[in-house]
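Asker: just coords:
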């Protein structure tokens with residue numbers, strides 16, 4: 001078992017089971033609760049892929065549909081079992097993965113066994129499939145996106161012509177009609193292999209006891225077939241346009257969504273996850289012209305936000321704004337990009353920022369839920385935990401220089417939803 005000391009006397013243990021499942025254990029003996037997350041690398045994008053050098057397709061929404069079905073696998077209710085044991089269990093499907101997670105104060109070993117029992121074999125009745133189809137169809141009918149969400153989705157479509165970047169995770173009422181027992185079997189056979197999963201456990205547990213329990217579980221002892229890597233083919237090309245405008249009746253104010261595409265050579269760097277958020281926070285520090293430019297024009301307010309958006313195959317910086325002054329905001333963004341390109345961050349400011357980051361990081365590790373979420377996000381992003389924490393302490397100002405080059409006109413995309421008078 002590999003042991004990594006992330007700060008003094010704080011450890012994460014890593015172990016790979018014989019079936020290929022990577023296990024991460026973060027013991028927190030001072031806490032009562034235990035948090036468990038099981039990630040399966042099967043998400044909304046996986047409606048076309050290569051498996052064993054052959055091309056395959058699935059109806060859009062299959063990953064989300066399967067997530068729902070697994071709560072009634074083999075005719076047994078997973079939710080009821082956890083509820084009867086005073087524990088919370090839930091799941092979600094994102095673009096690149098599905099996550100099943102629970103937390104409990106008691107009966108951890110029994111609940112972990114029950115969770116893993118659910119992923120040993122699969123049996124879905126036609127009756128349960130029809131029942132779930134009705135439930136998900138109703139969910140899709142009620143999915144009334146806000147204008148802000150619609151604008152953001154328009155931005156994604158503008159930036160990437162590849163449908164897998166813009167797919168609706170739940171699919172459509174038309175696509176999920178194609179889901180049947182054969183489709184679900186294909187999905188479980190190809191994606192629900194232990195080697196395509198990650199398990200994270202945080203709380204008052206003994207790492208060796210957990211590994212012993214896992215190694216004696218049927219989930220590990222089962223004769224799994226040899227895992228075959230899933231190959232996904234995506235293109236990062238855009239549609240040849242950088243601006244999309246749409247006039248909408250009844251809009252309360254103008255909505256602007258901006259994307260600044262991060263080139264593949266930057267987001268494929270192993271340190272991308274380590275550096276992107278800090279660079280944005282540094283660039284918009286009140287000491288610098290970027291912040292002052294937004295502030296003096298009254299754009300730095302509750303209607304303004306900036307954050308990175310990333311998955312394992314693409315990344316961009318998203319700026320959102322609601323304003324009556326559309327033309328001025330467009331001009332400001334161009335000036336802002338030029339200012340960031342010329343930004344001079346001093347060692348003094350960087351040092352103060354870095355110290356506060358490390359302090360915040362240590363504080364997070366002192367909270368069970370926050371530390372579990374932090375490690376979970378690293379695992380989900382395929383970040384090497386054994387080196388991440390040490391690298392974080394050694395980040396240098398020069399590491400951020402490559403990010404300045406992102407802020408160029410060719411990487412800029414703008415979507416405007418405008419009030420129709």
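Answerer: In hand now; what should we look at? If you're wondering where the values come from, they're calculated on a predicted model, not measured in any experiment. Numbers count the residues shown, from 1 in each chain.
Asker: which parts of the longest helix seen in the chain are buried?
Answerer: Counting residues, the longest helix found in the chain (DSSP state H) is helix 347-365. By neighbour count on 16 or more other Cβ atoms under 10 Å, the buried set for helix 347-365 is 350, 353, 354, 357, 361, 365. Every C-beta, even on glycine, is put in place using the N, C-alpha and C of the backbone.
Asker: Equivalent analysis for stretch 414-421, please.
Answerer: Neighbour-count burial for stretch 414-421 [16+ other Cβ under 10 Å]: 414, 415, 416, 417.
Asker: again with stretch 146-157
Answerer: For stretch 146-157, by 16+ other Cβ under 10 Å, it's 147, 150, 151, 152, 154, 155, 156, 157.
Asker: Quick check: mean pLDDT of stretch 365-382?
Answerer: Mean pLDDT, computed over stretch 365-382, is 88.
Asker: returning to what we had before: okay if I get the buried residues of stretch 146-157 as a markdown table plus secondary structure?
Answerer: Formatted as a markdown table, those follow (DSSP: H, G, I helix; E, B strand; the rest coil):
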| residue | secondary structure |
| --- | --- |
| 147 | helix |
| 150 | helix |
| 151 | helix |
| 152 | helix |
| 154 | helix |
| 155 | helix |
| 156 | helix |
| 157 | helix |
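Asker: can I assume residue 60 sits in a strand?
Answerer: No - under three-state DSSP, residue 60 sits outside any strand and is assigned coil.
Asker: Could you report the neighbour count for residue 234?
Answerer: 15 (other Cβ atoms under 10 Å).
Asker: Give the phi and psi angles for it, as a check.
Answerer: phi -130, psi 160 (degrees, to the nearest 10).
Asker: ok, it - contacts?
Answerer: 45, 162, 164, 165, 313, 314 (Cβ atoms under 8 Å, 6 or more residues apart in numbering).
Asker: got the buried residues for stretch 213-222?
Answerer: Of the residues in stretch 213-222, those buried (16+ other Cβ under 10 Å) are 213, 214, 217, 219, 220.
Asker: with the residues you listed in mind, which one is nearest to residue 124?
Answerer: Nearest to residue 124 out of the buried residues of stretch 213-222 is residue 219 (Cβ to Cβ; 18.6 Å).
Asker: ranges for the strands of the stretch 1-150 of the chain?
Answerer: In the stretch 1-150 of the chain, the strands defined using DSSP state E, counting those that start in this stretch lie at 2-7, 10-16, 22-27, 34-40, 48-51, 54-57, 88-93, 98-104.
Asker: what's the domain layout of the chain?
Answerer: As assigned by automatic domain parsing, the chain contains the domains 2-231, 243-419.
Asker: ends of the last one, how far apart?
Answerer: If I follow you right, that is domain 243-419. With Cα to Cα, to the nearest Å as the measure, the ends of domain 243-419 fall 17 Å from one another.
Asker: Between the buried residues of stretch 146-157, which sits nearest residue 279?
Answerer: residue 155 (20.7 Å).
Asker: my read: the closest one touches residue 320, true?
Answerer: No - assessed by Cβ atoms under 8 Å, residue 155 is found out of contact with residue 320, at 9.3 Å.
Asker: what touches both of these two?
Answerer: Joint contacts of residue 155 and residue 320 (Cβ under 8 Å, 6+ apart) are 257, 258.
Asker: check contacts around the nearest residue to residue 287 once chain neighbours are set aside.
Answerer: The shortest distance from residue 287 to any non-neighbouring residue, by Cβ to Cβ, 6 or more residues apart in numbering, is to residue 349 (5.8 Å). Residues near residue 349 by Cβ under 8 Å, 6+ apart: 282, 285, 287.
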